[in-house]
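Q: pasting a predicted model and its sequence here:
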Amino acid sequence: MADVKRRQVSIDEAISHVGGDFALAQKLQTAVCALAWSITAFHTLLVIFTGLGIDPQRLRLIECTKTGGEACEAALGHPYPAMCALLPDAWAFKSRGFSLVSEFNLVCDKAWLVHAAAGCFFLGTLIGCAIWHWLSDTVPPRRMLHSSAIISGVAGSLAATAPFLWAFMLFRVLTGVGVGGIGLASFVLASDVMGASWRPYTGLFLHGGFSAGAAAATLLAWVIPSWRWITFLSGIASLALAIFTWSLLVESPQWLLLRGRKGEATAAIASVAFTNSRRPPEFPLADPAGLLANPHRTLLDVLRNTRLRRSTALLCLIWFIATTAYYSGVMLMDALGSGNPDGDGTSLELALSGFLYELPGVAAAWLVAERLGRKHAAIGGLLQAGGCLLGAGLARGDAQRALLVTARFGLAAACSAMYLLSWETFPVVVQHPGMAVTNYASRIGAVVTPSLALAASRLRSGLVPLVLTGATCLGAAILVSLLPETLNGPVHETIQDMNAAYSVKRHRSWTYSLKNVFKRPPSSSSGGAAGTPLGAVALPTMPLDPAARSV
């Protein structure tokens with residue numbers, strides 16, 4: 001009867017009506033978005049397979065020329081950079097198409113340009129996150145994903161044909177701009193069609209897709225040892241994603257409804273119902289009055305609130321540290337010369353670490369976050385990763401590589417748990433700007449990472465970078481403990497709801513109870529019990545009968 005009087009349903013009620021919080025349509029949408037994140041892993045790890053950390057002497061990519069003589073043969077018998085003391089015409093690469101290093105002669109005094117190329121991509125993702133977030137109020141998420149996939153696909157394909165290093169770096173920046181949009185749009189598309197009970201797990205599912213894509217990308221690089229072909233295939237994968245996203249994904253009903261496009265939002269819900277073999281709701285969608293009061297919430301709304309400002313600062317610092325440690329573990333493994341001396345074993349090791357450590361790390365984060373809390377999962381992952389990175393800084397050889405690989409388990413678990421904690425920390429009206437600013441912080445951490453790999457390459461030791469990242473991971477675990485636990489907590493629609501909830505919690509704190517210890521118990525004539533225990537709070541009762549309230 002109440003539904004007849006109201007004759008309107010909310011977005012969450014409509015999603016629950018058409019099949020549940022995580023039915024077939026939601027699973028399909030999440031799978032496509034996870035596929036999008038897996039393709040971003042191809043672009044992200046591309047610079048590792050195309051040149052970062054490649055040792056031309058260890059991998060026997062160079063040979064002595066006729067003018068090199070015995071001096072060249074003696075230099076090649078020593079570790080890199082012994083060859084840099086030779087004359088430029090004393091040696092030559094056996095093949096030019098293996099990597100960026102051999103293609104553009106990025107050795108000796110030009111070796112830093114490989115790390116600069118890696119930084120160009122991460123700089124592009126940072127720029128892309130800012131641009132696409134600015135456009136998010138006017139560009140629907142599905143169109144944003146389609147456009148960003150085309151940009152990354154075209155730029156990635158052109159990077160494979162770059163005749164000069166500066167052209168490759170320019171196209172890598174543009175590829176990063178597109179990848180930034182893919183990550184943002186796919187996150188919104190996956191979360192907005194899920195029910196309220198499954199929505200916080202969006203980041204966990206997508207991070208699992210990224211880990212699977214990283215493992216697949218490393219296996220592909222192991223099979224195809226050509227930087228141009230790997231780059232070209234990554235671009236083609238983005239273009240294929242653009243085709244699939246337009247035909248398979250459903251537009252965000254929440255985004256449409258908040259912008260007054262109720263008819264299109266209703267059509268999106270109907271599409272979800274059709275996929276789930278259910279009938280759409282009989283009643284129209286309700287205007288989210290609490291959200292429509294000010295639908296264009298920005299980061300300023302987050303920073304104006306003291307509690308959110310503190311939580312946002314902590315989350316940004318934690319994400320910066322976690323992302324720096326994550327990419328450092330991957331890049332330093334390569335820069336320190338992992339693999340056997342007879343070939344490039346880096347790709348295989350990274351693939352195995354992705355399959356055997358990252359994906360179980362995501363699963364472990366899910367289990368711990370559900371049973372012990374989001375903070376426990378994040379703290380445990382950061383402590384495990386920090387300990388492994390510190391140990392790797394002090395170890396050498398196979399022990400160092402084993403610790404680096406094992407650290408990815410904790411980092412994957414920590415990042416997955418932080419997606420949950422970050423999403424649930426912000427009220428609904430500022431979730432997207434809040435998640436966007438934490439995304440900026442993580443991208444800045446990624447930009448810093450190549451400099452750590454460069455330091456390890458110059459020092460020929462990972463002691464300083466690994467100890468630094470390991471210590472910061474331990475510090476990040478302490479910072480996580482300062483955040484509020486969100487497991488089984490209420491979902492706050494607005495900032496006002498959050499403030500009211502914390503006010504009630506503070507009102508019922510132990511200080512309030514202690515203050516009432518010294519109050520005299522009410523006498524029996526006033527309605528109190530004679531045996532009121534010490535410390536009991538005597539609050540006035542409100543009559544349940546409306547007629548009695550007027551007496």
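A: That came through fine. Residues are numbered from 1 along each chain as shown.

Q: where does the chain dip in pLDDT?
A: 1-7, 51-63, 65-92, 94-97, 288-297, 334-355, 460, 503-551 (pLDDT under 70).

Q: residues near Arg310, how many?
A: Here the number of neighbours of Arg310 (other Cβ atoms under 10 Å) works out to 12. In this view, the C-beta of every residue, glycine as well, is placed from N, C-alpha and C.

Q: quick one, helices of the stretch 401-550 of the chain?
A: Using DSSP state H, counting those that start in this stretch, the helices found in the stretch 401-550 of the chain span residues 431-459, 463-481, 495-507, 510-515, 546-549.

Q: turn those into TSV, columns for mean neighbour count.
A: Compiled in TSV, these are given as follows (neighbours: other Cβ atoms under 10 Å):
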stretch	mean neighbour count
helix 431-459	21
helix 463-481	20
helix 495-507	13
helix 510-515	10
helix 546-549	8
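
Q: out of those helices, which is closest to Lys110?
A: Nearest of the helices of the stretch 401-550 of the chain to Lys110, taken as Cβ to Cβ: helix 431-459 at 12.5 Å.

Q: show me what the closest one is packed against.
A: Other helices and strands packing on helix 431-459, by 3 or more Cβ pairs under 8 Å, 6 or more residues apart in numbering; DSSP states H and E, are helix 112-135, helix 165-192, helix 299-304, helix 306-335, helix 397-425, helix 463-481.

Q: before we move on, back to that, tabulate the helices of the stretch 401-550 of the chain (CSV), appending distance to Arg259.
A: Below are the helices of the stretch 401-550 of the chain laid out as CSV (distance: least, Cβ to Cβ, whole Å):
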stretch, distance to Arg259
helix 431-459, 13
helix 463-481, 35
helix 495-507, 21
helix 510-515, 43
helix 546-549, 41
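
Q: could you point out which of those sits nearest Arg142?
A: Checking the helices of the stretch 401-550 of the chain against Arg142 by Cβ to Cβ gives helix 431-459 as the closest, at 15.4 Å.

Q: ok, how many other residues are close to Trp229?
A: Neighbouring residues of Trp229 were enumerated by other Cβ under 10 Å; the total is 14.

Q: could you find the closest non-adjacent residue to it?
A: Setting aside the residues directly before and after it, Trp229 is nearest to Ala160 in space (Cβ to Cβ, 6 or more residues apart in numbering), at 7.4 Å.

Q: for the one you found, grab phi and psi.
A: Per-residue torsions, Ala160: phi -70, psi -20 (degrees, to the nearest 10).

Q: re the thing from before, ok, which of the helices of the stretch 401-550 of the chain comes nearest Glu424?
A: So among these, helix 431-459 is nearest, using Cβ to Cβ, at 9.0 Å.

Q: just to revisit the earlier point, which among the helices of the stretch 401-550 of the chain is found nearest to Ser186?
A: Checked against Cβ to Cβ, the stretch from the helices of the stretch 401-550 of the chain lying closest is helix 431-459, at 12.4 Å.

Q: how much space separates the closest residue to Trp132 other than its chain neighbours from Gly124?
A: Nearest residue to Trp132, sequence neighbours excluded (Cβ to Cβ, 6+ apart): Gly181, at 4.0 Å. Counting by Cβ to Cβ, to the nearest Å, the gap from Gly181 to Gly124 is 11 Å.

Q: look up the closest residue to Val173, ignoring the ones flanking it.
A: The nearest residue in space to Val173 (Cβ to Cβ, 6+ apart) is Gly124, at 4.0 Å.

Q: which ones are touching the one you found?
A: Listed by Cβ atoms under 8 Å, 6 or more residues apart in numbering, the contact partners of Gly124 are 172-177, 179-180.

Q: neighbour count and distance to Phe49 for those - can I get that in TSV?
A: As requested, those are exported to TSV (neighbours: other Cβ atoms under 10 Å; distance: Cβ to Cβ, whole Å):
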residue	neighbour count	distance to Phe49
Arg172	27	13
Val173	20	19
Leu174	21	19
Thr175	32	14
Gly176	29	16
Val177	24	21
Val179	31	16
Gly180	28	21
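
Q: between these, which is closest to Thr438?
A: Using Cβ to Cβ, the contacts of Gly124 come closest to Thr438 at Gly180, 13.9 Å.

Q: now do the spatially closest residue to that closest one that is not a sequence neighbour against Ser147, distance only.
A: Ranked by Cβ to Cβ, 6+ apart and with sequence neighbours excluded, the top spatial neighbour of Gly180 is Gly128, at 2.5 Å. With the distance defined as Cβ to Cβ, Gly128 ends up 11 Å from Ser147.

Q: measure the residue nearest to Trp229 to Tyr440 for me?
A: Applying Cβ to Cβ to Ala160 and Tyr440 gives a distance of 29 Å.

Q: one more: Pro140?
A: Separation of Pro140 from Tyr440 (Cβ to Cβ): 22 Å.

Q: picking up where we left off before, quick one: closest of the helices and strands packed on helix 431-459 to Leu356.
A: helix 397-425 (8.1 Å).

Q: and the closest one, what does it pack onto?
A: So helix 397-425, by 3+ Cβ pairs under 8 Å, 6+ apart, packs with helix 202-223, helix 306-335, helix 346-353, helix 359-371, helix 374-394, helix 431-459, helix 463-481.

Q: in it, which residues are buried?
A: 400-425 (16 or more other Cβ atoms under 10 Å).
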